[in-house]
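Colleague: Dropping a prediction and its sequence here:
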Amino acid sequence: MALLINPHRGVGLPDLWDAEPVLPATDAGAVAALLARCPAAAETPLLDAPGLAAQAGVAHLHLKDETGRMGLGSFKALGAAYAIARQADAAGGDAAIALNGRCFIAASAGNHGLSVAVGARMFGARAVIVLAESVPESFADRLRGKGAEVVRAGAIYEDSMAEAMRLADANGWTLLSDSSWPGYTDLPFRVMEGYLQMAAEAGRQMPEPPSHIFLQAGVGGLAAAVAGYARRIWGDAPRIVVVEPEAAPALFESVRAGRVVTTKGPVSDMGRLDCKEPSLIALAGLARDADAFLAIGEAAAHEAVSQLAGIGISTTPSGAAGVAGLFAPGLGMSPDARVLAIISETGETA
């Protein structure tokens, strides 16, 4: 385990950008308005976990449970599908065929691909999802079941991303990534904007403002969206801790260096978080909004999965990583702390 106190808190890293900075959206109104037209877009619950709170030595632990989100089992259902829906809305006409002839391609370490597949099918478009060899075939079958075409490329997520970019350029397809980099920010900005629905729900559901928020991160989209919204509604009071695998501490190392850093490491069991380079927009937002970055080991994530199973929540090491962060030693948690964490995906079909 390693802990980094953010030296850029409140200021961020403005030198990341050669042009005008792009920071995460914080207004959830547009997302709510579009999702209101989707029958599957029901609110997910905020659960109280008094037993786990007692084990962690804190007063309250509230868990935003995304395991049932829109029938896809992950918060990511809110992202790519929302970005595609915005394009269909702009196209006008019959929504079911609004994007006929378009092809969206994405690399995915998991649930982002499902969101792309469902969004594309909903509006008459084609979806191609590129998976690394480390992604289980059972997940590839789930994608095919949602109408996507699956391409395998490379050993790790970064390899699949490179192939998705190549295929997009070669075929004139629309690359729809949940990460961002210089020159590619518009669509990932919208993907992250979709995640604000989850943050807005949690904000309404919390009985009182949290003192601490633990947010798992891969490229950082979830963490940056929730952190930005939390600062909007609760100000500087909550202490926000970003949790990453020790095998892929991309945000941790980038914040420490003050620039984008590509990390190296073994494959993590926190597969959805096993991303070696951060999203530029997410890094910019979290460098400003997060108080600390925490890198945790594999055993800690698996222990959190077991703890959550004990209270009836089925998730994965990725989905449990925020809770695992709460249990990390040496954080100095106050016994009156009120903690918010997110169970980001189900363990039933992941």
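Modeller: It's in. Quantities reported herein were computed from a predicted structural model and do not represent experimental measurements. Residues are numbered from 1 along each chain as shown.

Colleague: isn't residue 129 right next to residue 106, touching?
Modeller: Yes. Taking contacts as Cβ atoms under 8 Å, residue 129 lies within contact range of residue 106: 5.8 Å. Where C-beta positions appear, they are placed from N, C-alpha and C, glycine not excepted.

Colleague: shared neighbours of those two, anything?
Modeller: Here residue 129 and residue 106 have 113, 116 as joint contacts, going by Cβ atoms under 8 Å, 6 or more residues apart in numbering.

Colleague: What sits closest to residue 267 if chain neighbours are left out?
Modeller: residue 134 (5.7 Å; Cβ to Cβ, 6 or more residues apart in numbering).

Colleague: could you list every residue that touches that neighbour?
Modeller: 155-157, 267, 271.

Colleague: swap in residue 245?
Modeller: Shown in contact with residue 245 (Cβ under 8 Å, 6+ apart): 265, 268, 270, 273-274, 295-298, 301, 321.

Colleague: Please, a PyMOL command that selects the buried ones among the residues you listed?
Modeller: Filtering the contacts of residue 245 down to the buried ones (16 or more other Cβ atoms under 10 Å) takes a single PyMOL command:
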select buried, resi 268+270+273+274+295+296+297+298+301+321
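
Colleague: quick one: which of the contacts of residue 245 is nearest residue 10?
Modeller: residue 295 (22.4 Å; Cβ to Cβ).

Colleague: That closest one touches residue 244, doesn't it?
Modeller: Yes. Judged on Cβ under 8 Å, residue 295 makes contact with residue 244 at a distance of 5.3 Å.

Colleague: can you list residues touching both of those two?
Modeller: Common neighbours of residue 295 and residue 244 (Cβ under 8 Å, 6+ apart) are residue 252.

Colleague: So which of the contacts of residue 245 sit within strands?
Modeller: Residues from the contacts of residue 245 lying in strands, with DSSP state E as the criterion: 295-296.

Colleague: So which residues of the protein form strands?
Modeller: Under DSSP E, the chain gives strands at 2-5, 46-48, 60-65, 103-108, 126-131, 149-152, 174-175, 212-216, 239-245, 292-296, 338-343.

Colleague: Okay, now the sheet partners of the first one, with direction.
Modeller: Based on DSSP bridges, the strands next to strand 2-5 in the sheet, each with its direction, are strand 292-296 (antiparallel).
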